[in-house]
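# got a predicted model here, sequence first, then my questions.
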Amino acid sequence: MKRFADLTEQEILALAISNEEDDSRIYRGFAEGLREQFPASAKVFDEMADEEVQHRGMLYDLYRQKFGEYLPLIRRQDVKGFVQHKPLWLMRPLGLDEVRKYAADLEYEAARFYRKAAEATRDASVRELLVRLAEIEDEHEDLANRLGEKILTPDARAHEDETARRVFVLQFVQPGLAGLMDGSVSTLAPLFAAAFATHSTWETFLVGMAASVGAGISMGFAEALSDDGSLTGRGTPWLRGTVCGIMTTIGGIGHTLPYLIPNFNVATALAIAVVVVELAVISWIRYRYMDTPFLQAAFQVMVGGVLVFLAGILIGSS
């Protein structure tokens with residue numbers, strides 16, 4: 001990699017041209033990734049890509065006036081200390097807020113880099129060129145704001161925000177909630193059955209951990225294999241399976257950890273309190289994201305939890 005300070009004026013201008021080309025393709029990638037679910041934002045990135053193409057043409061005209069037709073191949077990754085970005089535009093599905101922030105950071109960091117480089121150089125012509133490039137990047141950032149105000153009207157933004165919320169619910173909340181409910185409820189019976197059968201906190205803890213981890217693995221695979229997400233928009237199988245498996249394990253471990261306390265009565269009382277909190281959290285999530293009335297959600301979850309809890313106690317005491 002070459003240091004920026006060692007670049008010639010010709011190489012700096014060639015680097016600016018390649019940056020404009022790369023940015024236009026990045027914005028076009030964002031537009032394609034957002035077009036199906038967020039058409040208004042996709043239009044914003046289409047217009048930003050068009051502006052980058054125009055700026056590249058302007059810079060290339062200036063380059064040909066100064067240096068002729070030969071354009072050295074020099075890009076961001078060839079220059080030490082230049083701003084590097086992960087290839088977010090290659091990922092699917094694209095997150096709307098993440099893409100918007102990425103674009104703003106791209107313009108801001110490029111302008112800041114050019115200004116810092118201008119302060120460090122002693123060549124007046126190079127300094128003037130760098131300042132001009134920084135001003136161009138500032139124009140890009142202002143353009144993004146203007147396009148957003150023109151195209152992303154309040155109604156369009158509200159529609160896209162609601163779409164983003166639905167995607168979040170489908171890909172994270174639903175599999176996470178299913179896992180949390182299964183882990184919190186299904187592990188109650190084996191945990192309390194072991195507790196009242198053995199009156200040993202350590203053995204109860206081992207049974208609870210085994211039930212929690214086993215349920216997490218089982219639910220994770222079941223969720224991942226249930227749907228590939230291509231038609232439902234529920235996201236990739238590995239993502240849903242991971243979320244579901246982790247939340248299932250967390251749901252079971254929550255009321256298992258109290259049995260690390262040696263005193264059986266204290267551990268059992270604390271475990272019951274944790275179960276009540278878990279069921280309340282599940283009820284709130286259903287109310288917050290699944291549009292279920294809180295009292296109805298609480299009643300459904302509590303009844304199921306109590307039945308499983310009593311089944312575990314009855315079996316363990318028999």
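In hand now; what should we look at?

# show me where the stretch 51-200 of the chain has its helices.
Ranges of helices in the stretch 51-200 of the chain, per DSSP state H, counting those that start in this stretch, are 96-120, 124-151, 154-168, 174-186, 188-198.

# mean confidence score for the first one?
Helix 96-120 carries an average pLDDT of 73.

# tell me which strands and helices it is in contact with?
Counting contacts by 3 or more CB pairs under 8 Å, 6 or more residues apart in numbering; DSSP states H and E, helix 96-120 is packed against helix 9-34, helix 39-67, helix 124-151, helix 154-168. (Each C-beta comes from the backbone N, C-alpha and C, glycine too.)

# over to the shortest one?
Based on contacts counted as 3+ CB pairs under 8 Å, 6+ apart, the elements that helix 188-198 packs against are helix 201-226, helix 264-289, helix 294-317.

# would you mark the buried spots in the last one?
By 16 or more other CB atoms under 10 Å, the buried positions in helix 294-317 come out as 297-298, 301, 304-305, 308-309, 312-313, 316.

# the second one now?
Neighbour-count burial for helix 264-289, counted by 16+ other CB under 10 Å, picks out 264, 267-268, 270-271, 274-275, 278-279, 281-283, 285-287, 289.

# which elements pack onto that helix?
Counting contacts by 3+ CB pairs under 8 Å, 6+ apart, helix 264-289 is packed against helix 174-186, helix 188-198, helix 201-226, helix 237-254, helix 294-317.

# nearest to Phe4, of the buried residues of helix 264-289?
Using CB to CB, Tyr289 is the member of these that sits closest to Phe4, with 47.9 Å.

# so how far is Glu47 from that closest one?
Using CB to CB, to the nearest Å, one obtains 34 Å as the distance from Tyr289 to Glu47.

# same check on Met290?
Here the distance between Met290 and Glu47 works out to 37 Å (CB to CB).

# now Ile246
In terms of CB to CB, Ile246 sits 40 Å off from Glu47.

# likewise for Gly57?
Summarising the geometry, the distance separating Gly57 from Glu47, computed by CB to CB, is 16 Å.

# one more: Ser41?
Ser41 is 11 Å from Glu47, where distance means CB to CB.

# the two: who's more crowded?
More neighbours surround Ser41 than the other of Ser41 and Glu47, with 26 against 18 (other CB atoms under 10 Å).

# I figured that one hits Tyr27, correct?
No: under the criterion of CB atoms under 8 Å, Ser41 is not in contact with Tyr27, lying 11.0 Å apart.

# now for the buried residues of helix 264-289: which two are most distant?
Phe264 and Tyr289 (37.4 Å).

# that concludes my questions; thank you for your assistance.
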